[in-house]
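Participant: one predicted model, sequence on top.
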Amino acid sequence: MWGRVLPAIGLFVLGLVIVASVVLVGVVRSLDAEIRAQFDGPRWALPARVFARPLELYVGAPLRIEDVLLELDLLGYVADGAGALPGTFHREGNRLRLTSRGFRFSDGAEPSRSVEVGFDGGVVERLRQQDDGRDVDLMRIEPLLIGSIHSAAAEDRILVRLEDVPPELIAALIAIEDRRFFVHRGLDPLGIARAALANLRAGRTVQGGSTLTQQLVKNFYLTHARTFERKLAEALMALIIEHRYSKFEILEAYINEVFLGQSGRVSIHGFGTASEFYFRRPLNELRLDQLAMLVGMARGASFYDPRRYPQRALERRNLVIAQMERLGLVEPEAAAAARERPIEVSPRIPRAESRYPAFLDLVKRQLREEYREADLQSEGLRIFTTLSPVAQTHLERQIVAGIAQLRASGDGRADLQVAAVLTDALNGEVRALVGDADPRFPGFNRAVQARRPIGSLLKPFIVLTALSDPMRYSLATLLDDSPLEMRLPNGQVWAPQNFDRRFRGPVTMWEALVRSYNVPMVRLSESVGIERVLRLMQTLGLESPPRPVPSVALGAVDLSPLEVAGLYQALANGGYATRGRVIRDVLDANDQPLSHYPLELRGAVPDGAVYLVREALRDAVREGTGAAIGRTLAPGEAAGKTGTSNDRRDSWFAGFDDERVLVVWVGFDDNRPTPFTGASGAGVLWGEVMKALGAGRLQSQVHPEIIWARVDRYTGLRADTTRCPQVVDLPFWRGSEPQRRADCDFPVDQGGDGDGSWWQRFWNP
Amino acid sequence: MGAHRIDCRGVSRTRPSRDGRVGPWAAVLASLALAGCTLPMPRSEPPPQSPPPTLPPLVMVPEVRPAPQPLEAPRRERLEREAPATTQPPSDAAAPARGTESPPARSSAVETLAQASSEAVAAGDLRTAAAQLERALRIAPRDAELWLALAKVRFRQGDAVQAEQMGLRAVQLAPTQPAVQREAWEVIAAARELRGDRAGAAQAREAARLLVRERA
């Protein structure tokens, strides 16, 4: 009988074994395929990174030492008394020693440099290498990361390569998580046994028996179900991974994958990301104690969160350090010193949002015109923008302080809002942007989205149109400031008023602009033709012109602050319209260029006419409606225009100096009247911002076709002597300056200039 | 348009296209003005839709910002105007003789970038050449030679519109550098030819020729 049963049993067992093998092979193959798909394909969805402009250092750069220090602080640089290591600096009076971090730009790699920078006034006057004192022509400090664009899954990851990881980190990881990592084949029975023992002794889980490979599998592939089948699958996959990939590849994957924190809806993965998230510095600049803290968090990022549970984080960190010491991976003195240090982490900055939401919003709008959302969120694009963190900081500080003052200046102003745009005067790059009285708030971006009537901001363009025809108009041309009634196309009668509801009779065009008189400007606009004014503004970048009705002359045109900046750009730029740029370059994850947004010019208006308007706007700040600003800055060193719309619902100031164009808007979101004019609201903020930026230089230029002449303020006629009581120097196209002399210019007993005096008596009774 | 995707929307598609054609009168006036006559501007023309930089070179003396000294310059000028006027008409007071001032010395940073750009052009890497020049222009935005160099790169990249615009910018910024202006007019002429604007190209060549004669 046994002779028949045994073979039957044997066959049965054999059959079982065969079936099991087949199943096992199938399982292994499918797991293998899964592993390879993850490891060999694009491993992670990387968010797009958005960078500010890099700070350029060169002899002659118009930088103040305080501003460079501000930039370094934002970049997480540390004052270590020497400034010889990447990410450190040292200040001595007017000299700064610093070492930049290397960075790959669109046009190549910028190496890390140790330099000494000398400042004189607001200018860099010396730039030398630290080691041999040789002059450095030009260098860039790495650009500040100002935001990331994440997918809904929202994992944040700053990838690091294994060769860039500090050895102490690897040592700590091995010591505390998987002592036999380099020896085992994926599973570590000894480790499991040791952990079980330690856990028993401690009464709770202090050690895990999983290898780093197993933990990688757990993070990478599977959800968090802890069933037996899962554990089995995990073990199998760990074995497969070890078979297919080297220890180094596995380690690198683990280092970039491990979950190390949560910031709102964004999860922090990898030590590179965690280093920035907790310490605001790159991984290779961390100390032993900081690295040990991060490694300690691998076991439970929330449980050991240093911001919420600093004591736990400290104990865990010291445990890691002690373990490293026990295994001989660190010297006792170094270990002791590291344990002495307190836990110091930077305050939390939300990762999904940017510090500069208004600017980032503008960047995204431009990107979405060219890139799909999916690509933006997962392809690891690198986007280089024009933002200056230094300018942005100054702008924000003054805007926040200024709006707080305006809000507190009376009742019913607590919800007063503001927007501001700062661009480079010559190339139109947007340097700073504020869209809300709370610059951190990522809501309605008024700088871009709020289109409001621009009021008197339009007047310089009427004057510009007129002055493009110098045989008919000059700044001395008299305009009539007297009651005016016009019949509008819809049949209604319109009687525009000046701000003070007074009329002054004939005034020069210059005065009408500088003092922002409404009625003469309406007359001028009718005379040159409002259609021509709008066409000129279109050439300067106005995108959707309004219907050419007379009230347009008084600024019944809705524009955003960004659009206004674009128009005033041409006034600052000698008549060239430059498209407001926010992005310079877009690179893919491998630093290959995808898009370049080039510098472009559009010749718009003759620069002679622009010269004339510019000088009039300089006078507007010196003594006209913008005079309050002329007192904040040095007089004559900025040009600009106040803008007050109907019922004071909008308070604007738009102006520029040699380097910057700045537009500020103040108003209520619900469009109700404010108590402010352009001068007393936006203008005040404008002056404070420009002062904080160190601005205020508007150099006189010389133009071969423009001559200056002294004229009598009231009649706009020439004043060659000192007899006229009120005179002003005005620029003119050569040949368009007034030919006749003013009456007051002649000695009293002389009748005047023949016919001229009769005319003058007629107009000036 | 070369290796880069330009956002052409705002520039070429929504603006009325410029054909740069100017009537013969303007050409004559241009030549006369260039020769140094002080003729007034043509009268009563409505500002053209894309007002023409083809008018007589309207130039401004660049004031590049080097060390702190130039602070004195504007004030000195103002003082001159404030002085009690004589019987002489003030019209000549402010205009300096042409060619007496030279542009400020270039910083070594700009030199380095300009050099790198030339090398890139020689190596056929126009994209890098343009990037270097754009970077240099951020440092010295009023340097006429940089604009001229960038105009040439744009021309080589096939961007005739920008080549012309930047050439005109170079002319505008180089009143004391007739050699730069002449070269710029030649680039403008070539760009206009490329766009099919024969008349405009002829005017530009004429402008260049007059500059040569002036120097002689």
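Facilitator: It's in. Given the structure is predicted, the values throughout are model-derived calculations rather than measurements. Residues are numbered from 1 along each chain as shown, chains lettered A, B, ... in the order given.
Participant: output the lowest mean pLDDT helix or strand found in chain B.
Facilitator: One helix or strand of chain B scores below all others by mean pLDDT, DSSP states H and E: helix B:72-82, with a mean of 33.
Participant: tell me if the helix or strand just after that helix is near chain A.
Facilitator: Of the helices and strands lying after helix B:72-82 in sequence (DSSP states H and E), the nearest is helix B:108-122. Yes. For helix B:108-122 and chain A, the contact criterion (CB under 8 Å from any CB of the partner chain) is met by B:S108, B:A109, B:E111, B:T112, B:L113. Where you see a C-beta, it was placed from the backbone N, CA and C, and this is true even at glycine.
Participant: got the contact list for helix B:108-122?
Facilitator: Counting contacts by CB atoms under 8 Å, 6 or more residues apart in numbering or on different chains, the residues outside helix B:108-122 that touch it are A:56, A:58-60, A:135, A:137-138, B:106, B:126, B:128-130, B:132-133, B:135-136, B:139-140, B:143, B:145-146, B:149, B:152-153, B:156.
Participant: report the buried residues of the longest helix anywhere in chain A.
Facilitator: Among all segments of chain A classified by DSSP state H, the helix with the greatest residue count is helix A:2-40. Residues A:L31, A:D32, A:E34, A:I35, A:Q38 are the ones in helix A:2-40 that count as buried (16 or more other CB atoms under 10 Å in any protein chain shown).
Participant: also stretch A:373-393?
Facilitator: Within stretch A:373-393, the residues that qualify as buried by neighbour count (16+ other CB under 10 Å) are A:375-393.
Participant: partners of the helix or strand just after the longest helix of chain A, with directions?
Facilitator: Beyond helix A:2-40 in the direction of the C-terminus, DSSP H and E gives the next helix or strand as strand A:48-51. Applying DSSP bridges to the sheet, strand A:48-51 is found paired with strand A:145-149 (antiparallel), strand A:382-385 (parallel).
Participant: format the ones you listed as TSV; extra columns: mean pLDDT and distance to A:A292.
Facilitator: Listed next are these as TSV, based on pLDDT from 0 to 100; distance: least, CB to CB, whole Å:
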stretch	mean pLDDT	distance to A:A292
strand A:145-149	89	25
strand A:382-385	94	31
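Participant: show me the shaky parts of the chain.
Facilitator: Going with chain A. Counting by pLDDT under 70, chain A contains low-confidence residues at A:1, A:41-43, A:152-153, A:204-208, A:221-225, A:349-353, A:749-765.
Participant: my bad, the chain I had in mind was chain B
Facilitator: Across chain B (using pLDDT under 70), the flagged ranges come out as B:1-104, B:213-216.
Participant: run a quick neighbour tally on A:F259.
Facilitator: Neighbours of A:F259 under the rule other CB atoms under 10 Å in any protein chain shown: 18.
Participant: ok so, going back, pick out whichever of the residues of helix B:108-122 next to chain A sits closest to chain A.
Facilitator: Nearest to chain A out of the residues of helix B:108-122 next to chain A is B:A109 (CB to the nearest CB; 3.6 Å).
Participant: for the stretch 551-700 of chain A, what lies in contact range of chain B?
Facilitator: With CB under 8 Å from any CB as the criterion, the stretch 551-700 of chain A meets chain B at residues A:574, A:576, A:579, A:593-608, A:611, A:636, A:658-659, A:697, A:699-700.
Participant: assumed B:R209 was part of a helix.
Facilitator: Yes. Per DSSP: H, G, I helix; E, B strand; the rest coil, B:R209 lies within a helix segment.
Participant: list the contacts for it?
Facilitator: If you count contacts by CB under 8 Å, 6+ apart, B:R209 has none.
Participant: same thing with A:L127?
Facilitator: Residues touching A:L127, when contacts are defined by CB under 8 Å, 6+ apart, comprise A:L57, A:Y58, A:V59, A:V115, A:E116, A:V117, A:G118, A:D135, A:V136, A:D137, A:M139.
Participant: partners of the helix or strand hosting the last one, with directions?
Facilitator: According to DSSP H and E, A:M139 maps onto strand A:138-140. Each strand paired with strand A:138-140, and its direction, by DSSP bridges: strand A:56-58 (antiparallel).
Participant: tell me which helix or strand comes right after the strand it pairs with.
Facilitator: Moving toward the C-terminus from strand A:56-58, the first helix or strand encountered (DSSP H and E) is helix A:65-74.
Participant: does that next one reach chain B?
Facilitator: No. Counting by CB under 8 Å from any CB, chain B has no neighbours in helix A:65-74; the shortest distance is 15.0 Å.
Participant: roughly how far does the nearest residue to A:Q130 once chain neighbours are set aside sit from chain B?
Facilitator: Nearest in space to A:Q130, with sequence neighbours left out and distances taken as CB to CB, 6 or more residues apart in numbering or on different chains, is A:S114 at 4.0 Å. Here the distance between A:S114 and chain B works out to 18 Å (CB to the nearest CB, to the nearest Å).
Participant: let me know whether A:S114 touches A:D132 as I believe.
Facilitator: No. The pair A:S114 and A:D132 does not pass the contact test of CB atoms under 8 Å, sitting 10.4 Å apart.
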